[in-house]
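Asks: This is a predicted model, with the sequence first.
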Amino acid sequence: RERVGGAEKAMRTQGEKRKQLKAPRKSAPFRKETRVAPPADGTVDVIVKLGGAAITIKDGEPDTLNVDALETCCNAIAEVAPLKKSSWYLAEESALRVIVVHGAGSYGHPQAKQYRVADGARDMDGDPVLREGVDKTKASVRKLCKLVCDELDSKLAPVVKLAPISPYGKFFTVGKKLNRNLSRGGFDEVRAALMEGKIPVLHGDVVDDAEQGCAILSGDTLVECLTEEFKPKRVVFVSDVEGIFTAKPLHKNGSCDLCPDGKTPPPALLREIQVNPDGSWIATQAFGPCKYLDLKYGVDRGEWRVWQREWQQANPLWQLSDETDEQVVESAVGTTDATVSLADNGDVTGGIKTKVQEAAAIALKGVDVFLTNHADEFGIIKALYGHPAVDDKHDSRFVPHCWIGTLVKMLAPEVENEPPA
């Protein structure tokens with residue numbers, strides 16, 4: 001009887017469970033995203049430089065914005081600036097304290113070039129034409145700064161506020177070089193914004209110069225000086241190319257006139273560059289063209305022959321293949337400041353040596369420098385966080401193997417092992 005009663009009890013329990021399963025289920029409550037501003041203690045995690053060639057159409061009409069690129073960059077900054085507990089990307093990450101610096105691109109540059117603002121004049125008041133050029137240059141770059149701030153504010157407000165800071169009247173140069181003592185007011189204004197939990201937004205600008213009346217203070221110079229002043233964990237340069245190449249990068253459309261002589265190897269993307277204490281540097285990692293195309297466009301081996309037609313005509317001695325990649329990488333790794341020129345292989349980004357020197361000056365301060373592309377929001381986010389590698393072939397000091405960009409860092413000092421006692 002006890003066994004029968006137990007069976008009946010079990011059947012009643014199973015019946016109740018079936019009724020519960022058939023009952024309409026309540027929908028799970030919507031989990032709202034929680035945003036929290038980072039702590040306002042005056043420290044800086046990352047300085048990000050939005051290149052003028054990235055957020056504007058630099059070769060187009062004056063004052064032309066690259067709307068899509070600016071939105072992508074601002075999306076990435078908005079993803080890391082406030083702490084987002086239900087973030088789609090690594091919710092355990094902390095909010096980053098950020099300083100934003102942007103270049104001028106098609107804003108400011110045409111006006112400065114037309115009126116030769118960079119040359120200055122001893123008597124500014126006696127040169128109404130130059131004064132007009134200064135005013136037009138200032139107005140143009142402020143116009144771009146407002147567009148950048150409006151886009152950032154639309155994604156960050158009301159949790160994180162911005163502090164637009166125009167360098168004119170706050171930063172000063174002597175002989176075209178930033179003078180830190182005269183510019184103390186500018187640095188103090190940036191620090192005050194950080195202490196209030198705001199994101200300072202600065203830009204390249206025309207400034208007063210003690211020797212020639214006026215000069216151009218570039219965004220890159222600002223980044224280097226801000227790095228020295230605030231000592232961030234890393235600096236991220238967002239440009240219109242993925243990083244530093246040994247030649248003009250491969251492109252899907254348009255002319256592929258990379259190596260007219262048919263002998264120069266295809267371009268390699270320098271993935272990591274290590275800077276020695278004396279300022280010299282050496283490339284320690286690289287991607288060949290096939291790996292680059294695979295990661296950027298998803299071009300597999302079966303499509304290489306389609307991509308290489310125009311390129312093959314101009315470069316008959318080279319073909320896209322695994323063997324080519326191995327040769328290109330072998331040639332690129334070990335590249336040093338002594339083996340490249342200012343315009344080596346027709347590099348469209350201003351010359352390999354020049355770009356590395358700019359990044360190396362910051363790396364020598366003990367700050368890692370990431371260079372990445374404006375079109376890759378996920379790549380920008382990874383650079384802003386400075387994530388370690390997930391490639392088992394390399395240790396955690398190297399950048400992620402799936403990230404397309406260049407990391408410039410100071411060479412770690414060798415640690416001598418103590419002899420056993």
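Replies: Thanks, I have the structure now. A quick note: this is a predicted structure, and the numbers were derived from the prediction, not measured.
Asks: rest of the way, CA atoms for contacts and neighbours
Replies: Will do.
Asks: Using the three-state scheme, assign D153.
Replies: What DSSP: H, G, I helix; E, B strand; the rest coil gives for D153 is helix.
Asks: do D294 as well
Replies: Per three-state DSSP, D294 ends up helix.
Asks: So for it, what's the pLDDT?
Replies: The score at D294 is 75. That number is its pLDDT.
Asks: neighbours of it, just the number please.
Replies: Residues near D294, counting by other C-alpha atoms under 10 Å, number 14.
Asks: what do you get for Y292?
Replies: Residues near Y292, counting by other C-alpha under 10 Å: 21.
Asks: now swap in the one 4 residues further on and tell me
Replies: The local packing of K296 (other C-alpha under 10 Å) involves 14 other residues.
Asks: and if you look at T339?
Replies: 10.
Asks: Can you tell me the SS state at it?
Replies: Going by three-state DSSP: T339 is coil.
Asks: likewise S166?
Replies: Judged by three-state DSSP, the three-state class of S166 is coil.
Asks: Hmm, it is touching H203, no?
Replies: Yes - here S166 reaches H203: they are 6.8 Å apart, a contact under C-alpha atoms under 8 Å.
Asks: Could you check which of the two has the larger neighbour count?
Replies: For the pair S166 and H203, the greater number of neighbours falls to H203 (29 against 20), based on other C-alpha under 10 Å.
Asks: dump the residue contacts of the more buried one.
Replies: 101-104, 141, 145, 165-167, 218-219, 222 (C-alpha atoms under 8 Å, 6 or more residues apart in numbering).
Asks: so can I have CSV of these showing secondary structure and pLDDT?
Replies: Formatted as CSV, these follow (DSSP: H, G, I helix; E, B strand; the rest coil; pLDDT from 0 to 100):
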residue, secondary structure, pLDDT
V101, strand, 97
H102, strand, 96
G103, coil, 92
A104, coil, 92
V141, helix, 96
C145, helix, 97
I165, coil, 97
S166, coil, 95
P167, coil, 96
S218, coil, 92
G219, helix, 92
L222, helix, 94
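Asks: Generate a PyMOL selection restricted to the buried entries among these.
Replies: What follows is the PyMOL syntax for the buried subset of these, where burial is set by 16 or more other C-alpha atoms under 10 Å:
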select buried, resi 101+102+103+104+141+145+165+166+167+218+219+222
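Asks: Not counting sequence-adjacent ones, nearest residue to K296?
Replies: Spatial nearest neighbour of K296, chain neighbours left out: I404 (7.7 Å); criterion: C-alpha to C-alpha, 6 or more residues apart in numbering.
Asks: residues in contact with the one you found?
Replies: 242-243, 271, 292, 295-296, 372, 379.
Asks: Out of these, grab the one that's most surrounded.
Replies: So for the contacts of I404 (other C-alpha under 10 Å), the most neighbours sit at R271, 27 neighbours.
Asks: Summarise which helices and strands the helix or strand encompassing that residue is packed against.
Replies: For R271, the host element (DSSP states H and E) is strand 269-275. Using 3 or more C-alpha pairs under 8 Å, 6 or more residues apart in numbering; DSSP states H and E, the elements in contact with strand 269-275 are strand 244-245, strand 281-287, strand 406-410.
Asks: hmm, who's touching the last one?
Replies: Read that as strand 406-410. 242-244, 269-277, 356, 359-360, 363-364, 366-372, 399.
Asks: please redo it, this time with the cut-off set to 6 Å
Replies: 243, 270-275, 363-364, 368-371 (C-alpha atoms under 6 Å, 6 or more residues apart in numbering).
Asks: any idea of the mean pLDDT in stretch 230-246?
Replies: Mean predicted lDDT for stretch 230-246 stands at 90.
Asks: How about stretch 116-132?
Replies: pLDDT averaged over stretch 116-132 gives 88.
Asks: Outside of that stretch itself, list whatever touches it.
Replies: So stretch 116-132 is contacted by 212-216 (C-alpha under 6 Å, 6+ apart).
Asks: same thing but 10 Å
Replies: Residues from elsewhere that reach stretch 116-132, judged by C-alpha atoms under 10 Å, 6 or more residues apart in numbering: 109-115, 133-138, 176, 206-217.
Asks: residues near Q114, how many?
Replies: Neighbours of Q114 (other C-alpha under 10 Å): 11.
Asks: so it touches G133, yeah?
Replies: Yes - contact criterion C-alpha atoms under 10 Å: Q114 and G133 qualify, at 7.7 Å.
Asks: so what's V101 up against?
Replies: For V101, the contacting residues are 47-51, 145, 164-165, 200-204, 218-220, 222-223, 226, 237, by C-alpha under 10 Å, 6+ apart.
Asks: and those, which of them are in helices?
Replies: 145, 219-220, 222-223, 226 (DSSP state H).
Asks: So D278, which state does it fall into?
Replies: Under three-state DSSP, D278 comes out as coil.
Asks: I'd say it and L364 touch.
Replies: Yes - under the criterion of C-alpha under 10 Å, D278 makes contact with L364 at 8.8 Å.
Asks: Dig out what F172 forms beta bridges with.
Replies: D208 (DSSP bridges).
Asks: pLDDT score for it?
Replies: The score at F172 is 96. That number is its pLDDT.
Asks: returning to what we had before: adding distance to T335 and mean neighbour count, write the helices and strands packed on strand 269-275 out as TSV.
Replies: Formatted as TSV, the helices and strands packed on strand 269-275 follow (distance: least, C-alpha to C-alpha, whole Å; neighbours: other C-alpha atoms under 10 Å):
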stretch	distance to T335	mean neighbour count
strand 244-245	11	28
strand 281-287	5	22
strand 406-410	13	26
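Asks: got JSON lines for the ones you listed, with distance to S321 too?
Replies: Shown next, in JSON lines, are these (distance: least, C-alpha to C-alpha, whole Å):
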{"stretch": "strand 244-245", "distance to S321": "19"}
{"stretch": "strand 281-287", "distance to S321": "13"}
{"stretch": "strand 406-410", "distance to S321": "23"}
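Asks: D188 is nearest to which of these?
Replies: Counting by C-alpha to C-alpha, D188 lies closest to strand 406-410 out of the helices and strands packed on strand 269-275; the figure is 28.0 Å.
Asks: Dump the closest one to PDB, keeping only the CA atoms.
Replies: This file holds the C-alpha atoms of strand 406-410, laid out as PDB (Å, rounded to 0.1, in the frame of the first residue of the first chain):
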ATOM      1  CA  THR A 406      50.900  48.300 -35.200                       C
ATOM      2  CA  LEU A 407      52.100  48.400 -31.600                       C
ATOM      3  CA  VAL A 408      55.200  50.500 -30.800                       C
ATOM      4  CA  LYS A 409      56.700  49.900 -27.400                       C
ATOM      5  CA  MET A 410      59.900  50.400 -25.500                       C
END
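Asks: Much appreciated, bye for now.
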